[in-house]
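J.: Structure, please.
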Amino acid sequence: MSVFEILMLVCFGIAWPFSIYKSYVSRQVAGKSILFLWIVFAGYISGIIHKLIFSYDAVIFLYALNGTMVIMDIILYYRNKALMSKCNRL
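T.: Residues are numbered from 1 along each chain as shown. Next comes the predicted model:
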């Protein structure tokens with residue numbers, strides 16, 4: 001278990017709730033990159049797989065928590081995109 005790995009995941013983890021809140025409230029996709037979100041999610045999944053195979057420790061919880069928050073932001077992205085297209089059709 002690396003202190004630096006924990007610090008990195010905590011710092012990233014602090015940022016995700018703000019992003020999720022902004023996505024939820026704004027109902028906009030402007031400024032969001034779905035490709036970026038999927039790449040970050042793939043990175044967290046890779047971290048989880050690494051922890052499961054090579055060095056299982058409690059840090060896996062931080063990877064899972066961050067990955068869950070990214071998935072929430074991805075879901076909100078698709079919701080907001082659908083809401084925007086619905087408004088554009090009216």
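J.: Okay, and the spatially most central residue of the chain sits in which element?
T.: Centroid-nearest residue in the chain: residue 70, 1.5 Å away (criterion: C-alpha atoms, centre = their mean). Per DSSP states H and E: residue 70 is located in helix 60-89.
J.: just checking, what packs against that helix?
T.: Contacts defined by 3 or more C-beta pairs under 8 Å, 6 or more residues apart in numbering; DSSP states H and E place helix 60-89 against helix 3-26, helix 34-53. Glycine gets a C-beta too; all of them are placed from N, C-alpha and C.
J.: quick one: that helix to helix 34-53, angle?
T.: Relative orientation of helix 60-89 versus helix 34-53 (axes from the mean of the first three to the mean of the last three C-alpha atoms, to 10 degrees): 160 degrees.
J.: Pull out the buried residues from helix 60-89.
T.: Buried residues in helix 60-89, defined by neighbour count with 16 or more other C-beta atoms under 10 Å: 60, 62-63, 66-67, 69-70, 72-74, 76-77, 80.
J.: average pLDDT across that helix?
T.: Mean pLDDT, computed over helix 60-89, is 95.
J.: Repeat that for stretch 36-44.
T.: Mean predicted confidence for stretch 36-44 is 98.
J.: one step back: let me know whether the residue nearest to the centre of the chain touches residue 40 as I believe.
T.: Yes: Residue 70 lies in contact with residue 40 (C-beta atoms under 8 Å); the separation is 5.5 Å.
J.: how deep is the nearest residue to the residue nearest to the centre of the chain once chain neighbours are set aside tucked in, by neighbour count?
T.: Nearest residue to residue 70 in three dimensions, chain neighbours excluded: residue 41, at 4.5 Å (C-beta to C-beta, 6 or more residues apart in numbering). If you count neighbours by other C-beta atoms under 10 Å, residue 41 ends up with 18.
J.: Tell me how far residue 41 lies from residue 67.
T.: 6 Å (C-beta to C-beta, to the nearest Å).
J.: Equivalent analysis for residue 37, please.
T.: Counting by C-beta to C-beta, the gap from residue 37 to residue 67 is 11 Å.
J.: cool, and residue 84?
T.: Relative to residue 67, and taking C-beta to C-beta, residue 84 is found at 26 Å.
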